[in-house]
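Peer 1: Okay, structure incoming, though there's no sequence with it:
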């Protein structure tokens, strides 16, 4: 029994780390299958498991297929496994930073290099972006700094999961969850990263749909154990009237812990509905 469990666990880990050669069975009536790839960026100290299990679930449920893995070396060199098939299989792209504690400036530059590779080598004119924790902050910084570059793909949709948009520390956890309270006019104070976004907001592409997911463990504070809901949702005051659409969702309960948000099936459902719903006419 124990041996069978170990073998099954090993098979699951291998599946997370590889790209299947089998084509996706596109048989889900409530999923719109598109050719637009979606890039997944992990958070601070993240690794292949951060989004690997979610992408494996999407593939197992015939929702989306992982087609590329980018490993970014510390010097910014890209190591690529796989290629876009240009099939209507909702292709996903997993990003792994060798220096997984790099700041958001470096990460946004590396994301730009990945987007350049996807457009010029893989023929992707549009790419959706999903980021967990600091990965969400790095993606938004990428969009503000590089998002209007005509040599890079357009970004129709972005998803942030537990992203600390108004934190003093974007990576390491403190002894307590940091929070600037939200008022009817916006955050009571503005962290440097929030000020950066506010001052450069005009550079953000306007034709962007944004899904913002935060977690609340329901343990006496509005937070996921690492990031406050107020920090994640502070960005609403900058985005809501400036982009195509903005939605925010709170995931509640024990499975809403920061490191479990990308293991939460409610989050899976929300991402699927936002990125690949059948009524979406924007897919190719």
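Peer 2: Ah, there it is. Quantities reported herein were computed from a predicted structural model and do not represent experimental measurements. Numbering: from 1, shown residues only.
Peer 1: what's the distance between residue 192 and residue 57?
Peer 2: Distance, residue 192 to residue 57, using CB to CB, to the nearest Å: 36 Å. To be clear about C-beta, it is placed using only N, CA and C from the backbone, and glycine gets the same treatment.
Peer 1: Who has more neighbours out of the two?
Peer 2: A side-by-side neighbour count of residue 192 and residue 57, using other CB atoms under 10 Å, places residue 57 first with 15 against 11.
Peer 1: Could you check how far that one is from residue 263?
Peer 2: 9 Å.
Peer 1: Ok, residue 75 next?
Peer 2: Per CB to CB, residue 75 is found 32 Å from residue 263.
Peer 1: do the same with residue 152
Peer 2: Distance, residue 152 to residue 263, by CB to CB: 31 Å.
Peer 1: before we move on, what about residue 107?
Peer 2: According to CB to CB, residue 107 stands 22 Å off from residue 263.
Peer 1: When these two are compared, which one has more neighbours?
Peer 2: Of the pair residue 107 and residue 263, residue 107 is the one with more neighbours under other CB under 10 Å, namely 28 against 16.
Peer 1: tell me the SS of the closest residue in space to residue 264 that isn't next to it in sequence?
Peer 2: In this structure, residue 264 finds its nearest non-sequential neighbour in residue 255, 4.9 Å apart by CB to CB, 6 or more residues apart in numbering. Going by DSSP: H, G, I helix; E, B strand; the rest coil, the secondary structure assigned to residue 255 is helix.
Peer 1: from now on call the first residue 265
Peer 2: Yes, from this point I'll number from 265; that puts the last item at residue 519.
Peer 1: residue contacts, residue 519?
Peer 2: If you count contacts by CB atoms under 8 Å, 6 or more residues apart in numbering, residue 519 has them with 527-528, 530.
Peer 1: Same list, those residues, but as CSV with secondary structure, distance to residue 390 and pLDDT please.
Peer 2: As requested, the contacts of residue 519 are exported to CSV (DSSP: H, G, I helix; E, B strand; the rest coil; distance: CB to CB, whole Å; pLDDT from 0 to 100):
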residue, secondary structure, distance to residue 390, pLDDT
527, helix, 28, 97
528, coil, 27, 97
530, helix, 27, 98
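Peer 1: Residue ranges in the stretch 265-414 of the chain under the pLDDT threshold?
Peer 2: 265-281 (pLDDT under 70).
Peer 1: That should have said the stretch 415-548 of the chain, apologies.
Peer 2: By pLDDT under 70, the weakly predicted segments of the stretch 415-548 of the chain are 435-439, 544-548.
Peer 1: For the stretch 365-514 of the chain, which segments count as strands?
Peer 2: Counting by DSSP state E, counting those that start in this stretch, residue ranges of the strands within the stretch 365-514 of the chain are 392-396, 421-425, 446-447, 450-451, 473-480, 509-516.
Peer 1: Name the residues of stretch 339-353 that come out as buried.
Peer 2: For stretch 339-353, a neighbour-count test (16 or more other CB atoms under 10 Å) marks 346, 348, 353 as buried.
Peer 1: swap in stretch 444-457?
Peer 2: Going by neighbour count (16+ other CB under 10 Å), the buried part of stretch 444-457 is 444, 446, 450-451, 454-455, 457.
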